[in-house]
Every structure is written in structure tokens, then in C-alpha cells.
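1. Structure for the following, please:
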Amino acid sequence: MTAQSERRALPWVRRIKSKRLLLVLGIAGPGIIAALAGDDAGGIGTYSTAGAAYGYDLLWAMLLVALALAVVQDMCARMAVVTGKGLSDLIREQFGVRTTAVVMLSLLAANAAVTVSEFAGVAAASEVFGLSRYVSVPLAAAFVWFVVTRGSYSRAEKIFLALSLVFVTYFISVFMVRPDWLAVARGAFIPTFHADVKYILVVIALIGTTISPYMQFSLQAIIVDKGTKIDQYMLVRADTLVGVLLSILVAFFIIIATSATLHVRGIFDVQSADQAALALEPIAGVFAKELFALGLLGASLLAASILPLTSAYAVCEAFGWERGLQQGWDDAPIFYGLYTGIIVFGALLALVPGIPLFLLLLLSYDVNGILLPIILIVMLRLANNRRLMGQYANGRIANTFAYGTAIVLIVLTVLLLASSLLGLGT
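-> Predicted coordinates:
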């Protein structure tokens, strides 16, 4: 497969080069795209749950997550410009087939869980407009499969992005609702802990949605595809850090908005899009539900289109299998099989009768957070390999934050399992 054909295979790479998309985003950096990718249906659900359940008490955790995200994103960008290879390629070359298989299984599991959350987002949004999930989810699954495989994704993507931009209104809503900024500052700089299982779940989900594994694979692939050279690394780093800042600001404002509108009203458990939409009432009034639903639908369709494709591409790249949408089914059966299978799995699970949709958004990123240490530790070993990275190998600060994130997630997972088994802190 030529480099040119590989570029045609990735609509999520082509979008970086779209002039219209750059006008929408304002800045043309892959770091910005990758960081903002976490603000999808699952991210919105997780941040809304954090604000409603614990008010401003988890803002301090988001500051630490922001530092960890900056380190991890910069680590991926550095590996891309130094080696000129994607993350899947490096894992296979440096660790062999067995380790690659473990990492790819973790990536598939994490991405499949997030894909479920995207179709749950579609279901929640459609039910606001009175359309049953049993109609909307199959239609959405068929639609995203068709627009990607038939090459019309770039046009649909612009519509999804426009709908997703609805969530910019959170910034305006926060200032209209006039939160207690002193309480916001205390929440951001004074750690507060709660001894219950839900608190652990929410913290794991916050990390999992903000430092999502697929973001790292896509970021490194995009930088490699752009042909970025080592002398451009400082520009790449600046782009990466701006992306992290924007992503964390979105998360902060969603948490603050839901704290100031839901938590203060005694709505501690967000169970529906109707409840989450209350955070937009200060700006949208009686149309808050519809505005929220449109944004949720756009974010869900965008991510549901991208995630299965990036998963299939990363796995096939890792094992040297034929990949890319320019290939036919006969030439790349594993690629198309993985892509289709993830979509079908996500849609079917979102259709389980009685399943709470907003809880599903949260739990999907708990799976992400639990599996993240596996991928993170492998990335750290690559970034610390001086034969591979030379003078650009990780320093102490980067290792401290990245290993610290992995250790925190492992400890939280153990605490979660122990609490569940012992029936504590419910």
C-alpha cells in the first residue's frame, strides 16, 4: 500500500487538510483536533455527571488530568516527529506480536465501549424529539457505515461538526448563571474526596474520557501523515498544548454549568438528556432540551463515524493487514469486518431494553480508564527508549506525570473492585 493510498484511507486525516474545516476550527493543528476529540457524547455525559453529583469538588482533579493529558499528547507528538512512524507500527517493531496483540485488544475493548456510548448519545438525543431509540439507533448505525464506506464522509462530517459546536453555548451559559466563583476556585485548588463507589467511577471516567487511547493513535498517525520534521517539533508542541487547554476549558465549563444549575437544585444523578439540558436553560430557555439534543446528536454521529474506523486501521496497521477504504471487501476483509463489527456491537448494546443511557455514557469511559494503563505503560517504554528517541527521550517530569496517571488508575481500579466486592460506600 502506497503512502498516497494510505492517506486516502483515513477521512479523519483528510479532515485536517480541509480548508472549510480549518475555518470552523480556527487553527489547523492535529494536537487541537486530537484533544478536542474527547468532548464527545461520553465526555459530555461524564462531565455533566461530575458537576451534578459533586458540584465543584472534582475541578481539582481536572487540573491534574490536564497536566497528564499535556504530557501524554506531547509524548505521542514527539514520537511521531522523531521516528516518523505511527504508534501501532512502533509497538509491533519494538515489542513483538504478543505485546502488540494485548495492546490492540485493549484498544479494541476501549474503543468498542466508547462506540456504545456514541450510539447511547444518539438514542438520548432522539428521545428528546420523541423518536424511539429502536428506530434512531439502527438508522444512525446504517448512516455512519454508509457515509464512511461510500466516500461521502467529508460532507457529512461538516454537518456533524456544525451540530457539535452547539456546546460552545456552555461558555455563555456559565456567565449568565453567575456561579459562586470563590466556590469554583476552592473546587479547583483544594482537593475534596468522597468515600463512595460512584466517586471512584466518576474519577476513572474523567481520566478515561480526557486521555482516551484512540486520541493517541490518531494524533501520532496524523502528524506522521503530515510529514512533520524534527525541526518543527516546537510548533507541534505548541499546537498540542493549545489543544489540551481548549479541551480542558470545555470540560471545566460543562462541570461548572451543571454544578450551578443541576447540583444547586438537588439534581445529583443525571439520568436523561432532559436533565442534562437544564445547564443550557440560562441561554436557551424553553428550547434548552432541543439545543442540547442537537449538540449531543452531532457529537455522537461524528465520533461514531471516526472511532470504529481508527480502531480498524490501527489494528490492521499493527499486524500488516490490508487496510483502507480504497480497498474492496475482498482485498481487506479484516479491516471492513472490524469496522462493521464495532458499529454493530455499539448499536446493539445501546438498544438493550431498560438500559440507562446516561449511565452508559459514564460506564463506557470507565472501561477506557481501566484499560488506559496498559496502553500508557507501553507508550512510556517507547518514549524512554534512547535508541529509538535519542535526545528526545522522556525526561523526569514527563515520566512522573505519565507513570503517576497509570498508577492512580490502577489504584482506583483496585479500590473500585474492592468496594464492589465488599459492598462499601454505595
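
2. Can you find the helix or strand of the protein with the lowest average pLDDT?
-> helix 19-25 (a mean of 40; mean pLDDT, DSSP states H and E).

3. Wait, residue 127 touches residue 135, no?
-> No - taking contacts as CB atoms under 8 Å, residue 127 lies outside contact range of residue 135: 10.3 Å. The way it works is simple: take the backbone N, C-alpha and C, and place the C-beta from them, glycine included.

4. does residue 268 belong to a helix or a strand, and which?
-> For residue 268, there is no helix or strand it lies in under DSSP states H and E.

5. For the closest residue in space to it that isn't next to it in sequence, what is the enclosing helix or strand?
-> Distance criterion CB to CB, 6 or more residues apart in numbering; nearest residue to residue 268, sequence neighbours excluded, is residue 53 at 5.1 Å. In this assignment (DSSP H and E), residue 53 forms part of helix 41-54.

6. tell me the mean pLDDT over that helix?
-> Model confidence over helix 41-54, given as mean pLDDT, is 86.

7. cool, and stretch 254-271?
-> Computed over stretch 254-271, the mean pLDDT rounds to 86.

8. Then stretch 127-143?
-> Averaging pLDDT along stretch 127-143 yields 92.

9. what's that stretch in contact with?
-> If you take CB atoms under 8 Å, 6 or more residues apart in numbering as the criterion, stretch 127-143 is touched by 119, 122-123, 125-126, 156, 272-274, 277, 289-290, 292-293, 300-301, 304, 343-344, 346-347, 350-351, 357.

10. among those, which ones are buried?
-> For those, burial is judged from neighbour counts taken by 16 or more other CB atoms under 10 Å, and it is met by 119, 122-123, 125-126, 156, 273, 277, 289-290, 292-293, 300-301, 304, 343, 346-347, 350-351, 357.

11. Starting from the longest helix that the chain contains, tell me the next helix or strand along the chain.
-> In the chain, assigned by DSSP state H, the helix with the most residues is helix 87-128. Counting by DSSP H and E, the element after helix 87-128 in chain order, helix or strand, is helix 133-149.

12. List the buried residues for that following helix?
-> Applying 16+ other CB under 10 Å to helix 133-149 flags 133, 136, 137, 138, 140, 141, 144, 145, 147, 148 as buried.

13. again with stretch 61-70
-> 61, 62, 64, 65, 66, 67, 68, 69, 70.

14. List just the nearest of those to residue 374.
-> For the buried residues of stretch 61-70, the closest approach to residue 374 (CB to CB) belongs to residue 68, at 15.9 Å.

15. ok, and what's touching stretch 358-370?
-> With CB under 8 Å, 6+ apart as the test, stretch 358-370 has contacts from 41-46, 48-49, 109-110, 113-114, 116-117, 120-121, 124, 201-202, 204-209, 212-213, 270-273, 275-276, 349-350, 409, 412-413.

16. Could you list the low-pLDDT ranges of the stretch 251-400 of the chain?
-> Across the stretch 251-400 of the chain, the ranges flagged by pLDDT under 70 are 283-284, 286.

17. Hmm, the residue nearest to residue 268 is touching residue 269, no?
-> Yes - assessed by CB under 8 Å, residue 53 is found in contact with residue 269 at 6.7 Å.

18. quick one, which of the two is more surrounded?
-> Shown here are residue 53 and residue 269; by other CB atoms under 10 Å, residue 53 has more neighbours (24 against 13).

19. which residues sit in contact with the more buried one?
-> 198, 202, 263, 268, 269, 270.

20. Likewise for residue 399?
-> By CB under 8 Å, 6+ apart, the residues touching residue 399 are 380, 384.

21. And it, how far from residue 208?
-> Residue 399 sits 21 Å away from residue 208, going by CB to CB, to the nearest Å.

22. what's the answer for residue 67, then?
-> Computed as CB to CB, the residue 67 to residue 208 distance reads 16 Å.

23. can you give me the helices in the stretch 151-300 of the chain?
-> In the stretch 151-300 of the chain, the helices defined using DSSP state H, counting those that start in this stretch lie at 153-164, 169-177, 181-189, 197-210, 213-225, 233-261, 273-276, 281-284, 288-319.
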